[in-house]
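Asker: make a model of this:
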Amino acid sequence: MTIRSGKGDKDRQTLLSTKVLPTLKKQIQDIRKYYEEDRFEDRPGVELPKVLERKFPNAGKEWTWFWVFPSARITVDPRSGIARRHYMFTSSLQKSFKTAIGISGIAKNASIHTLAYSFAIHLVESGYDIRTIQELLGHSNVSTIMIYTHISRCNKLGVISPMDQLDF
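Answerer: Residues are numbered from 1 along each chain as shown. Prediction:
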């Protein structure tokens, strides 16, 4: 899966679990109403990177470019002054996450970023190399990934004792 214009305005490649596909397909089906409403009202499409907007001026109005998690409201972009639908802001996602933590009864402080830490630690504990984890999380410096090896409680290197490989 490719994340476009993420933190630091970088594109990133990461994994998408097949277990979320049914939910994701339903989400895409549900948001089609926003797309149809925007087309009916002839609103500007989604904001694309400037190079793409110049090369394909109407691409932002195409379904393939529509947000997977759009905002329910139309807002004015303070930079361009254009009223359009944007993506759901991370603060909304964070509020929903905090609510879910409370409902679940988990008595820990957690944020969306906690999920990234957890993902990285599970990869370390599964024996994936630091460079792969760095690539999946989109970090430019491997030293920022090294913290996950210190947090991990398991065998960080994925080494199996030769004795454990013997049948006796």
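
Asker: low-confidence ranges in the chain?
Answerer: Low-confidence segments of the chain (pLDDT under 70): 149-160, 168.

Asker: can you list the domains in it?
Answerer: Domain ranges of the chain: 15-88, 92-155, per automatic domain parsing.

Asker: contacts for the longest strand along the chain?
Answerer: Counting residues, the longest strand found in the chain (DSSP state E) is strand 70-76. Here strand 70-76 makes contact (C-beta atoms under 8 Å, 6 or more residues apart in numbering) with 31, 34-35, 43, 82-89, 92. Backbone N, C-alpha and C define where each C-beta goes, glycine included.

Asker: which one of these is nearest to I103?
Answerer: Nearest to I103 out of the contacts of strand 70-76 is S92 (C-beta to C-beta; 16.7 Å).

Asker: the closest one: neighbouring residues, count only.
Answerer: By other C-beta atoms under 10 Å, 13 other residues sit near S92.

Asker: chain neighbours aside, what residue packs nearest to it?
Answerer: Among residues not flanking S92 along the chain, S71 sits closest, at 7.9 Å (C-beta to C-beta, 6 or more residues apart in numbering).

Asker: with just CA atoms, put stretch 11-30 into CSV.
Answerer: C-alpha atoms of stretch 11-30 as CSV (Å, rounded to 0.1, in the frame of the first residue of the first chain):
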residue,chain,number,x,y,z
ASP,A,11,5.3,9.0,0.1
ARG,A,12,5.6,5.7,1.9
GLN,A,13,5.1,2.0,1.2
THR,A,14,3.7,-0.2,3.9
LEU,A,15,1.7,-3.3,4.5
LEU,A,16,-2.1,-3.7,4.4
SER,A,17,-3.4,-6.7,6.3
THR,A,18,-5.8,-8.8,4.3
LYS,A,19,-8.0,-9.0,7.4
VAL,A,20,-9.0,-5.4,7.0
LEU,A,21,-10.1,-5.7,3.3
PRO,A,22,-13.8,-6.4,4.0
THR,A,23,-14.0,-3.3,6.3
LEU,A,24,-12.0,-1.2,3.9
LYS,A,25,-14.2,-2.2,1.0
LYS,A,26,-17.3,-1.2,3.0
GLN,A,27,-15.7,2.1,3.8
ILE,A,28,-15.0,2.8,0.2
GLN,A,29,-18.6,1.8,-0.7
ASP,A,30,-19.9,4.1,2.1
